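**Q** just to be clear, the model below is a prediction. Sequence and coordinates:
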Amino acid sequence: MKFAVWLLVVIAVLALFALVLEEFLPVGASQSNIISLFQLSDPFRSLWFRIILGLLTLSLTVCIIERGPKLIKQAIKISLINDIESLEKFNSYIQLEMLNGEKRVVDHFRSLRLKIRSEAGDEKVIIGASSGRISRLGPLLSHLGMLLLIIGGLIVSLTGQSFQLRGSAGETLKHPDMDFNVLIKDFEIIYHPIAINQWVELSDGRRGKIVSLSGDSAQVRFSHGSGNLQDRWTAVDSVKNNFLLSRNGQLTPYQGNVKSYVTHAVIVDAEEEQSQTAIEVNHPLRYRGYRFYQSSFETGGAKSIVDTVSVRIQRNDTDLIDVDLCLAVDTVSIWDDYIIVAERFLPDFRLDLNMQPFSASGDLNNPALQVSLFKDSHRVGKKWIFNRPFGHMGGDDLPFTIQIIKLGGIETSRAGYVTVLDVKREKGGFFIWMGILFATIGVILIYGLQFRQVWAVIVNNKDERCTIHLAANCRKTDSRFLDSFKNLRSF
Amino acid sequence: MKQSPDITLFYISFAAYSVGMLVFILYAAIQRSALHKIGAVIITAGGLAHITAFITRWILSGHIPLSNMYEYISLTGWTAVVVMLFLYFKYKRPVFGVFITPAVFMLMVAAALLPKDINQSLMPALQSIWLNIHVLLAALGAGCFLISFAAGVLYLIAKYDSSLMNTNNLKVQSILFVLLIVIAPVLFMLIFTIFGLTPPAPTSRLVLISSTVNTGSQFILLGLTFIVISILLSLSWKKFTIKSENGFGFWLFSSATITFLLGGLLTGILIRTDIIELTQTINSSLHGNSVKSAWLFFEFIGVAWLMSVILSTLTFPLIMMVSKLISGHQLLKLETLDEIEYRSVSMGYPLYTVGALFAGAIWAEQAWGSFWSWDPKEVGALIVWLFYSGYLHARYQKGWKGSRAAVLVVAGFIMFLVSFFGNYFFGGLHAYI
């Protein structure tokens, strides 16, 4: 126990140290040997911090094994002490002599709302009384909960998978680890209705704050000239309220007064479309162990829609063929029973931090097409191709050189949004949920109920009086209970 | 513009707490029992106005009013008032009013200075039932911790024995103090140089004093000095008091702690209201963008230290007065203080555990995709939780009571304040609050 207390304090101090380090080590600062050796640039994932957490796990395990059975026993059954020497060791021990002692002791225990268990012998009666026994499970459950939380956290950190999907309306998003696709139907930003205290922009570009509303009109307050304030009434319909006011006084569009960011998506699994669902902040989509979170969005420029991609496939210096791949139909036979399939098109190809492709905008800045090559119904390979002959990006080796030569059916629409979804998947979540449940019940039992127990050994004397040996245990500070116990002297 | 009714009610409660505090302090000075009764009635009225303000704001905004620091601090203050009144009526000890009302008053000052616009347009991440559970329970837990802190400090002050303020002790303390002022900045500069940190150009300015003088480096040195002084004061406090169970170290420690907390609070308010500016960013030549200054934290501590010195002229006499009140009139048993300290933690701990940690983790999983991200606020909450866990284990299993337990709860609350205001200088996922 002493070890556990010190461990808690040590972890607290180390966590504080790690926090300060993580926050204030300058980004890109030259890393000294000390920083590298102790992994101080990422302290919470460093070996030394994990060792400390491992020690905590060990301590919790030992505590559960060591104390668990005793706690369960105390919760199930009222304990008895028949040994007077053991009672005498309690600070609260008292000894009384009286007539009809057993009945009076039992009555007093009942008045304290204690449950009683007794065993009668030839010369003495042993009584145990307690209340709130179920709370004895509290320490066990809370420690078990914390253990499960650490185990769950460890499993999550080891098995956790995280990547981002980006796409605009109409785009099908794929990832190598997912054997299903996500079709983005739409992305929308829903704003709160116009209300008092919101920052707004008027049709003439002036920006101010709404100070009152009356019917369809809003009173907007502007900063006028050298700090003077000016109010103006205007129609509610004519103001935009989608601005966020930063601390330096800048108003950023699309970020303020947002009620919700919603991606309407459909899971396409085994060629079948599942029902459409909305992915919102606080309302992730959960599907086959994957969780899709609305992370952010990007505002692209004009959004370009492409119908067909013409590609040039070259087998050797003289043998080449031009093929139009329609992105909707997308399967074309070429030489020697090879079939080429257009898998995915990105108008502005980029790689994110996880080396996953995404389109940085709706503009045709860096068009890329992911193609698959099949022969006899077996996939030969899959690769991203670009509008230059050796612009292949990773993927499998294909027997041909393929490049984009022309884009067809280009339509440019108004500015569109690119939704960004965080995708997570890990094992261990169950342990964390169970850990939270157990630990919550545990702390409620410990601090919501009070465990009190009293023991009495009543020895019958020859003169019809009896000697009563009493001891109480209320390990929390409860002076009233102990005072009540001492009141037995007044019998 | 017409003031929202909840704000009016808030100011009514603020006024009631202020008057109540003055009445309690007057009671401490002249010892008329009628005064503390009047004080309790005024504080009760203030508490009723305060909860009415909370409910009114809830109705007006359409969501639980716990979406910004004003609302959170306001509710924490109300919780502390409720627990204080509970203790006052249960234990019949007016000294709680004397000591807790100033803490509540400071919270109300902080709340009063923060922006109070009703936010009907709650941002998407905050539109969750877990906001109610997470923040409400955490605020209630914080209110309980505030009471335990007050009881802990009271305990330490109650141990103060003026007879030990002898010449020898004073000499040792003074020598230590002077040495620390000289050594501390050098020591810290050395440590941070080893870690490869270099101070940014001193761009901070304390507008309150001068809008032209650059004071960043000076604040850094003051801050570093304060940290080491605090640590060594604690050690010297231990030397003089743990063994002898009393001594003027208690007084020194309590005074330093309280004044620094108030100084930190005042600094936070002054920064928030843009009266004081600290070094916000430094330019990173590597990325061409701005990153947080490694020295911001120490600048904050430095300013807080300076504010503490100013505030000490007010708090020291108050602490001395309370000290005399307790030790001179034996109004409060040490055992009672110890029990209150423990009971407050016992109330606050489950609320904080379930609210700040577990409900927060579940909410984080729903909003951000992971239960735990080692975000500064999360780590801060974890540190606070570990500290109080250590306190409860030590008390329960090893029977730690008295001075040592009091020190732990005081330290725990300081940790809580660092976590509470941490997002102002640590940033992270909770930076929007």
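**A** Thanks, I have it.
**Q** can you map out the strands along the stretch 101-250 of chain A?
**A** Taking DSSP state E, counting those that start in this stretch, the strands of the stretch 101-250 of chain A run over residues A:115-120, A:124-131, A:161-167, A:172-173, A:181-191, A:199-201, A:207-214, A:217-224, A:228-235, A:243-245.
**Q** which strands and helices sit next to the shortest one?
**A** Using 3 or more CB pairs under 8 Å, 6 or more residues apart in numbering or on different chains; DSSP states H and E as the contact criterion, the elements in contact with strand A:172-173 are strand A:161-167, strand A:181-191. C-beta coordinates here come from the backbone N, C-alpha and C atoms, glycine included.
**Q** who in the stretch 51-200 of chain A is up against chain B?
**A** Residues of the stretch 51-200 of chain A lying close to chain B by CB under 8 Å from any CB of the partner chain are A:153, A:156, A:160, A:162, A:192, A:195-198.
**Q** buried among those? Make that a ChimeraX selection.
**A** Of those, the buried ones can be selected in ChimeraX as follows, counting by 16 or more other CB atoms under 10 Å in any protein chain shown:
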select /A:153,156,160,192,195,196,197,198
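**Q** and of the residues of the stretch 51-200 of chain A next to chain B, the nearest to B:P5?
**A** A:I196 (13.7 Å; CB to CB).
**Q** wait, that closest one touches A:S214, no?
**A** No: with contact defined as CB atoms under 8 Å, A:I196 does not count as touching A:S214 (11.0 Å).
**Q** with mean pLDDT and distance to B:T79 added, can I get the helices and strands packed on strand A:172-173 in a markdown table?
**A** Below are the helices and strands packed on strand A:172-173 laid out as a markdown table (pLDDT from 0 to 100; distance: least, CB to CB, whole Å):
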| stretch | mean pLDDT | distance to B:T79 |
| --- | --- | --- |
| strand A:161-167 | 85 | 38 |
| strand A:181-191 | 85 | 35 |
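**Q** check which residues of stretch A:435-445 are buried.
**A** For stretch A:435-445, using 16+ other CB under 10 Å, the buried residues are A:435-436, A:438-445.
**Q** which ones among those also lie next to chain B?
**A** A:436, A:439-440, A:443-444.
**Q** got TSV for those, with pLDDT and secondary structure too?
**A** Shown next, in TSV, are those (pLDDT from 0 to 100; DSSP: H, G, I helix; E, B strand; the rest coil):
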residue	pLDDT	secondary structure
A:I436	95	helix
A:A439	95	helix
A:T440	95	helix
A:V443	93	helix
A:I444	92	helix
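**Q** among the residues you listed, which pair sits farthest apart?
**A** Longest span within those, CB to CB: A:I436 and A:I444, 12.4 Å.
**Q** give me the number of residues near B:A103?
**A** 22 (other CB atoms under 10 Å in any protein chain shown).
**Q** convert the helix or strand harbouring it to PDB, retaining C-alpha atoms only.
**A** Element membership for B:A103, per DSSP states H and E: helix B:95-113. Presented in PDB, the C-alpha positions along helix B:95-113 are these (Å, rounded to 0.1, in the frame of the first residue of the first chain):
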ATOM      1  CA  VAL B  95     -14.900  30.500  11.300                       C
ATOM      2  CA  PHE B  96     -15.800  28.600   8.100                       C
ATOM      3  CA  GLY B  97     -17.600  31.700   6.900                       C
ATOM      4  CA  VAL B  98     -14.600  33.800   7.800                       C
ATOM      5  CA  PHE B  99     -12.300  31.700   5.800                       C
ATOM      6  CA  ILE B 100     -14.400  30.400   2.900                       C
ATOM      7  CA  THR B 101     -16.200  33.600   1.900                       C
ATOM      8  CA  PRO B 102     -13.000  35.300   0.700                       C
ATOM      9  CA  ALA B 103     -12.300  32.300  -1.500                       C
ATOM     10  CA  VAL B 104     -15.800  32.500  -2.900                       C
ATOM     11  CA  PHE B 105     -15.500  36.200  -3.300                       C
ATOM     12  CA  MET B 106     -12.300  35.800  -5.400                       C
ATOM     13  CA  LEU B 107     -14.100  33.200  -7.600                       C
ATOM     14  CA  MET B 108     -17.000  35.700  -8.100                       C
ATOM     15  CA  VAL B 109     -14.500  38.400  -9.000                       C
ATOM     16  CA  ALA B 110     -13.000  36.200 -11.600                       C
ATOM     17  CA  ALA B 111     -16.400  35.200 -12.900                       C
ATOM     18  CA  ALA B 112     -17.600  38.900 -12.900                       C
ATOM     19  CA  LEU B 113     -14.600  39.900 -15.100                       C
END
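**Q** to B:S373, which of the strands of the stretch 101-250 of chain A lies closest?
**A** Ranking the strands of the stretch 101-250 of chain A by distance to B:S373, with CB to CB as the measure, places strand A:161-167 first at 11.4 Å.
**Q** so what's residue 119 up against?
**A** Assuming you mean chain A. A:80, A:82, A:125-126 (CB atoms under 8 Å, 6 or more residues apart in numbering or on different chains).
**Q** let me rephrase: I mean chain B.
**A** A:197, B:61, B:67-68.
**Q** can you do 6 Å?
**A** B:S67 (CB atoms under 6 Å, 6 or more residues apart in numbering or on different chains).
**Q** just A:I339 next, same as before
**A** A:333, A:374.
**Q** pLDDT score for the residue nearest the centre of chain A?
**A** In chain A, the residue lying closest to the centroid (CA atoms, centre = their mean) is A:G429, at 9.2 Å. On pLDDT, A:G429 comes in at 87.
**Q** and if you look at the one 3 residues further on?
**A** Here, the pLDDT recorded for A:I432 equals 93.
**Q** the chain: helices as residue ranges?
**A** Reading this off chain A. Secondary structure of chain A (DSSP state H): helices at A:2-24, A:33-37, A:47-76, A:84-88, A:101-111, A:137-159, A:429-448, A:479-486.
**Q** wait, chain B was what I had in mind.
**A** Shown for chain B, the helices assigned by DSSP H span residues B:5-30, B:33-61, B:69-91, B:95-113, B:129-158, B:167-194, B:216-241, B:248-272, B:296-329, B:334-352, B:360-367, B:376-398, B:402-426.
**Q** isn't B:G412 right up against B:S389?
**A** No: B:G412 is beyond contact range of B:S389, at 9.7 Å (criterion: CB atoms under 6 Å).
**Q** the more surrounded of those two?
**A** B:G412 (26 against 22).
**Q** list the residues that contact the residue lying closest to that one once chain neighbours are set aside.
**A** Nearest non-adjacent residue to B:G412, counting by CB to CB, 6 or more residues apart in numbering or on different chains: B:F387, 4.2 Å away. Residues near B:F387 by CB under 6 Å, 6+ apart: A:12, B:412, B:415.
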